[in-house]
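Engineer: Just a sequence and a predicted model for now, questions to come.
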Amino acid sequence: MANLLLLTVLTFFFISTASAIDETSLPPPPSPFPRDKDHPFSPTSLFSPILINLGFHDLAMAIHSVTDSTFTAWSGPTTIFAPTDASIRSCMSCSVPRLLKEHIVAGAFSFHYLRTLAFGTKMETMVPGRCVTVTSAGNNSRIFIGGVEITHPDLFNNGLIVVHGLDGFVTHLSPYSCNIERMTSLLLPPQPSERPQSISSFSITRLMLRDAMLRLRISGYGILSLALGVKYAELVALQNMTVFALDDASIFSGGHEYIHNVRFHIVPNRMLMAADLAKLPVATVLPTLSQGQKLMVTTAGGGPTPMMINYVRIKATDVIDNPRVAIHALYSPFPHLQREVTAGENIGRSGFVASGSQAMRNEPCTKMDGNDCAAAPAPAAVIRPPFEMEDKDGL
């Protein structure tokens with residue numbers, strides 16, 4: 001009986017051991033949530049069908065070309081700032097896979113949330129060490145990513161993926177894009193010894209200038225954008241400014257003198273928005289960055305007649321604005337007035353600058369209040385235009 005009991009125990013022991021060995025030798029069961037990018041539950045695998053459905057075909061095609069681990073390993077919420085196919089195709093030298101990664105940030109950021117961010121907030125993209133800058137205008141009603149406006153917010157938002165449509169594309173980001181104090185480029189040359197204001201104010205001015213230049217460059221004002229970069233050392237010391245702009249097409253079609261007179265089109269330390277310009281009366285004199293040269297309101301705005309400065313019509317107001325810079329478009333460059341103007345002078349009907357009640361008027365002179373026209377000296381018979389076009393100060 002004892003032998004039978006011992007045999008039963010040994011048999012049970014060997015069976016249990018064999019079962020344990022078989023179980024440990026089996027491969028682990030597959031995970032119910034694989035992290036491979038091609039699995040239907042992987043967030044990155046959802047990008048392509050979402051973007052195709054929204055009409056962003058070029059971005060969708062680039063997703064399968066991205067193989068780096070930073071992009072494929074991310075499985076959290078994501079925000080895509082999507083440029084249109086037309087804007088991507090306009091950049092012949094751009095790498096679409098890189099553009100894709102530089103237009104994606106980790107986190108689900110709705111348009112409402114972006115409006116709550118501080119001006120100049122930097123968001124790191126899927127390219128390590130590359131950041132886009134969030135700016136705003138119009139009391140945060142307009143949001144810009146890297147200087148490009150979000151024109152179609154919240155095209156898609158399922159809590160995990162958010163897609164916003166852009167009015168263009170963000171150019172390839174600089175390795176210094178995440179650190180503004182270390183930022184250096186052709187547009188913003190470094191000025192280590194320059195400390196005109198406190199560090200915080202200096203940084204804000206740099207940020208406003210960069211924001212304005214980026215938006216100018218993608219809005220058809222590339223030459224002005226470069227010119228502002230050339231004059232960066234002078235502009236960064238200003239509290240704010242008003243810039244009268246000529247677009248690239250107008251410059252190439254005959255407005256070449258604007259290139260040599262950009263400083264004459266900048267009003268320093270005075271930010272004049274459209275509403276402010278409309279309040280300026282005739283003969284208002286505005287200083288410029290060109291020493292000793294001023295602008296003058298020759299036709300007041302706010303009425304049926306378009307506003308004119310130095311006899312040039314303003315084409316569009318508030319083309320670009322931020323808390324430090326206001327930019328307005330012109331039909332042609334400002335001419336230099338023939339003689340220096342003062343605030344007390346009037347504009348005659350002939351278009352020349354007039355001083356006094358009778359000087360250089362087109363009406364015939366009559367004897368009134370003891371005035372003798374015969375005694376008045378006749379103006380010199382010199383015919384010349386009311387302004388000069390030569391450039392003295394250059395950019």
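Structural biologist: Structure received. Numbers count the residues shown, from 1 in each chain.
Engineer: mind checking pLDDT for the nearest residue to residue 280 once chain neighbours are set aside?
Structural biologist: Once flanking residues are discounted, residue 280 sits nearest to residue 297: 4.9 Å by C-beta to C-beta, 6 or more residues apart in numbering. The C-beta positions use only the backbone N, C-alpha and C, and glycine is treated the same way. In this model, residue 297 is scored at 94, pLDDT.
Engineer: partners of residue 297 in the sheet?
Structural biologist: residue 309 (DSSP bridges).
Engineer: That one: what's it in contact with?
Structural biologist: Residues in contact with residue 297 (C-beta atoms under 8 Å, 6 or more residues apart in numbering) are 280, 281, 282, 283, 284, 286, 307, 308, 309.
Engineer: Can you report phi and psi for the fifth one?
Structural biologist: If I follow you right, that is residue 284. Main-chain torsions, residue 284, degrees, to the nearest 10: phi -70, psi 130.
Engineer: That one and residue 277: what is the separation?
Structural biologist: 10 Å (C-beta to C-beta, to the nearest Å).
Engineer: which of those two has more neighbours?
Structural biologist: residue 277 (22 against 15; other C-beta atoms under 10 Å).
Engineer: now the more buried one, nearest residue through space, not along the chain?
Structural biologist: Nearest to residue 277 is residue 301, by C-beta to C-beta, 6+ apart, at 5.6 Å.
Engineer: Burial check on that neighbour, number of neighbours?
Structural biologist: Using other C-beta under 10 Å, the number of residues around residue 301 comes to 20.
Engineer: How about the contacts made by it?
Structural biologist: Residue 301 neighbours (C-beta under 8 Å, 6+ apart): 277, 278, 280, 307, 314.
Engineer: again, only using 7 Å
Structural biologist: Each residue near residue 301 by C-beta atoms under 7 Å, 6 or more residues apart in numbering is listed here: 277, 278, 307.
Engineer: Of the contacts of residue 297, select the buried ones using a PyMOL command.
Structural biologist: Selection command for PyMOL covering only the buried members of those, criterion 16 or more other C-beta atoms under 10 Å:
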select buried, resi 280+283+286+307+308+309
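Engineer: Tell me which stretches of the stretch 1-150 of the chain form helices.
Structural biologist: Under the criterion DSSP state H, counting those that start in this stretch, the stretch 1-150 of the chain contains helices at 2-25, 43-54, 57-62, 69-72, 85-89, 96-102, 111-116.
Engineer: Can you give the contact residues for the last one?
Structural biologist: What it means is helix 111-116. Under C-beta under 7 Å, 6+ apart, the answer for helix 111-116 is 134, 136, 140, 143, 150, 153, 154, 164.
Engineer: Quick check: the fifth one touching residue 162?
Structural biologist: To tie it back to what came earlier, the one meant is residue 150. No - using C-beta atoms under 7 Å, residue 150 makes no contact with residue 162, being 11.2 Å away.
Engineer: and the two? which has more neighbours close in?
Structural biologist: residue 162 (24 against 21).
Engineer: quick one, phi psi at that one?
Structural biologist: Torsion angles, degrees, to the nearest 10, at residue 162: phi -120, psi 140.
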